[in-house]
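Trainee: sharing a model prediction with you, sequence too.
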Amino acid sequence: MDIRNNKVILYSSQAEAVLQIIERDGECFSKRKYVEDKYQESAPIFVSAYSWFVHEAEKYVVRPENAEYPYWAFKDIYSVEASGDSRIIKLEVPADEAVFFDMYDWNKILSLKYIGETETDEQEFRKMLRDYGITRESDVVLTNFYPNLKRQVQESWKRLFRHHEDIINGENQGIGSIQAGLWTIRKEWIVK
């Protein structure tokens, strides 16, 4: 990742309503209600994952009081999807304002799956679940039947941030696709 003058270029898809708030107020903060409204019946999964993210990510970048949830941004424009009334924007963000991670690891969390140290570690975990008779990995987190396994899965999620420092230092070889969490989007970050 190319970080110059402690700034990084990122891309994000944002709804017109968000862009209007940024234009009017100079910045915008994401709220839990927005996530619940967007994902409706799937909201409990997203709220669970996002709430975990908030708790852990604020250990890396201080969360402003007004920020409940993060905005997502990506190193590569091809990782961004615009839909409905959203628009892809280019941002120049101070590197110390972003929490960096591998998008594929985040997708594992959204699927309520284990993040292994290695692919072999993940395969061994899935095999152990099959040996227990568990066919859907997400059941470990969504039910209260497996408290020890649930704790193990949630502990593994801390590996989401294993690449944060490397990415900031420009050492991002072998990372699938770099994603960033931003507590806010500021007007001055938007590249016209």
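Mentor: Perfect, I can see it now.

Trainee: which helix or strand contains Ile21?
Mentor: According to DSSP states H and E, Ile21 maps onto helix 16-25.

Trainee: in its sheet, what does the very next helix or strand once past that helix sit against?
Mentor: Sequence-wise, the next helix or strand downstream of helix 16-25 (DSSP H and E) is strand 27-28. Strand pairing for strand 27-28, using DSSP bridges, gives strand 185-186 (antiparallel).

Trainee: the closest residue to Trp189 other than its chain neighbours - how many residues pack around it?
Mentor: Closest residue to Trp189 apart from its sequence neighbours, by C-beta to C-beta, 6 or more residues apart in numbering: Leu91 at 4.6 Å. No exception for glycine: its C-beta is placed from N, CA and C like everyone else's. Leu91 has 23 neighbours, counted by other C-beta atoms under 10 Å.

Trainee: average pLDDT for stretch 23-31?
Mentor: Across stretch 23-31, the average pLDDT comes to 95.

Trainee: what is the end-to-end distance of it?
Mentor: End-to-end distance for stretch 23-31: 18 Å, by C-alpha to C-alpha, to the nearest Å.

Trainee: do stretch 32-48 as well
Mentor: Terminal-residue distance, stretch 32-48 (C-alpha to C-alpha): 11 Å.

Trainee: give me the pLDDT value at Ile168.
Mentor: Here the pLDDT value assigned to Ile168 is 84.

Trainee: measure it to Ala95 for me?
Mentor: Per C-beta to C-beta, to the nearest Å, Ile168 is found 5 Å from Ala95.

Trainee: now Ile77
Mentor: 19 Å.

Trainee: compare these two and say which is more crowded by neighbours.
Mentor: Neighbours were tallied for Ile77 and for Ala95 using other C-beta under 10 Å; the higher tally belongs to Ala95 (20 against 13).

Trainee: which ones are touching that one?
Mentor: Going by C-beta atoms under 8 Å, 6 or more residues apart in numbering, Ala95 touches Ile3, Asn6, Lys7, Val8, Ile168.

Trainee: that older thread, you'd agree the residue nearest to Trp189 is in a strand?
Mentor: Yes. Secondary structure assignment (DSSP: H, G, I helix; E, B strand; the rest coil) places Leu91 inside a strand.

Trainee: give me the beta-bridge partners of it?
Mentor: According to DSSP bridges, beta-bridge pairing links Leu91 with Leu10, Ile190.

Trainee: is it true that it touches Phe74?
Mentor: No. Using C-beta atoms under 8 Å, Leu91 is not in contact with Phe74; the gap is 10.0 Å.

Trainee: quick one: common contacting residues for these two?
Mentor: Leu10, Tyr11, Ser12.

Trainee: among those residues, who's most crowded?
Mentor: Ranking the shared contacts of Leu91 and Phe74 using other C-beta under 10 Å puts Leu10 first, with 29 neighbours.

Trainee: perfect, that will be all.
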